[in-house]
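Q: fold the following for me, if possible:
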Amino acid sequence: MPLESVAHAEAFRRKLLDACLRANHARRARTAQADTPVSINIIGAGATGVELAAALRDTVRLLNRYTPFSLDPVRDFRIRLIESSGRVLPALSETISARAQRMLATLGVDVLSATRVTEVRADAVLTDGGAPLASDIAIWTAGISGPPVLRTLDGIAVNRNAQIQVNRTLQCTNDANVFGLGDCAACPADDAGAFLAPRAQVAHQQALFLARALKCRIAGKALPEFVYRDAGTLVGFGREGTIGSLSSSLLTQPVFVDGWLATVVYKLIYRRHVMTLTGFARMALDSASHWLRRRVHPVIRLH
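A: Prediction:
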């Protein structure tokens, strides 16, 4: 299963509840599967995969509080995070990665690093590391690709992930009349051949840059080159808190943050994104609505 839209999230929620109901029935009926845990495999230990694993652990603890389920949140659930590189959060610093690894261990999430998935079946995930891994649900969070339509456009250079190959001006490498930005563009990060990660922070800066660059092109001026300025990254671990780093032109190096400060900044950044898309007034109304909903709506849906 992918996890890229609200529809995907709803499909995942229903499949999770279905797996819980079947496991709960097996426990009460004492069938042969009574001791088999619900296995959830998350393929890809980037920010999405890590945050999902932490959120799932919070969810199964919440499920345990309701009488329809007699499942133990630790014994009866197996959450695995599978990553092909040598560590979780490979795009971030080793300091953040190591801290994330410790927090995942505290949450009871099994991390399989340096493990490549070779096949996903209905009841198992196969890896190059040995025996099949039991799987009630498999979620693919391993990277982003461009829309398939880009492969059909003649004269547009794309990489294996269907991303347009662009240069520092965000122009297609073989057609200067085509610009690319965001997840659909492979933009060089340095002269060593590395590319910018497909993140919202990158896309936001590219959008602002391209608005200015197109004005230069219309005026017949030389195009500037895009320079990415990393403002830092925060990764949420549900009730366990938030960790990450913050960067600024005023700082000589990124500053590691965690605890309540990181959680507050994490929430403020989200609200800033909403304000960018909808404006201040709608962001304020959305924030007030969210606050009210959390107090009048049920915390979990069991149907």
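Q: alpha carbons only for contacts and neighbour counts from here, please
A: OK.
Q: next up, the contacts around residue 86.
A: Counting by C-alpha atoms under 8 Å, 6 or more residues apart in numbering, residue 86 makes contact with 113, 114.
Q: in what helix or strand does it lie?
A: Following DSSP states H and E, there is no helix or strand that holds residue 86.
Q: against residue 63, how distant is it?
A: Distance, residue 86 to residue 63, using C-alpha to C-alpha, to the nearest Å: 33 Å.
Q: and what of residue 201?
A: When distance is defined by C-alpha to C-alpha, residue 201 is 34 Å away from residue 63.
Q: these two: who's more crowded?
A: Each of residue 201 and residue 63 has its neighbours counted (other C-alpha atoms under 10 Å); residue 63 has more, 21 against 17.
Q: so what's the backbone phi/psi at residue 281?
A: Backbone geometry at residue 281, expressed as degrees, to the nearest 10, gives phi -60, psi -50.
Q: need the longest helix for the protein.
A: helix 6-29 (DSSP state H).
Q: what average pLDDT does that helix get?
A: The average pLDDT within helix 6-29 is 88.
Q: residues of that helix that come out buried?
A: 12, 16, 17, 19, 20, 21, 23, 24, 25, 26, 27 (16 or more other C-alpha atoms under 10 Å).
Q: for the residue nearest to the fifth one when sequence neighbours are not counted, grab phi and psi.
A: With C-alpha to C-alpha, 6 or more residues apart in numbering as the criterion, residue 20 has its nearest non-adjacent residue at 7.1 Å, and that residue is residue 38. Recorded main-chain torsions at residue 38 are phi -70, psi 120, according to degrees, to the nearest 10.
Q: can you give me the neighbour number for residue 38?
A: By other C-alpha under 10 Å, neighbour count at residue 38 equals 22.
Q: so it sits against residue 23, correct?
A: Yes - in this structure residue 38 lies within contact range of residue 23 using C-alpha atoms under 8 Å: 6.9 Å.
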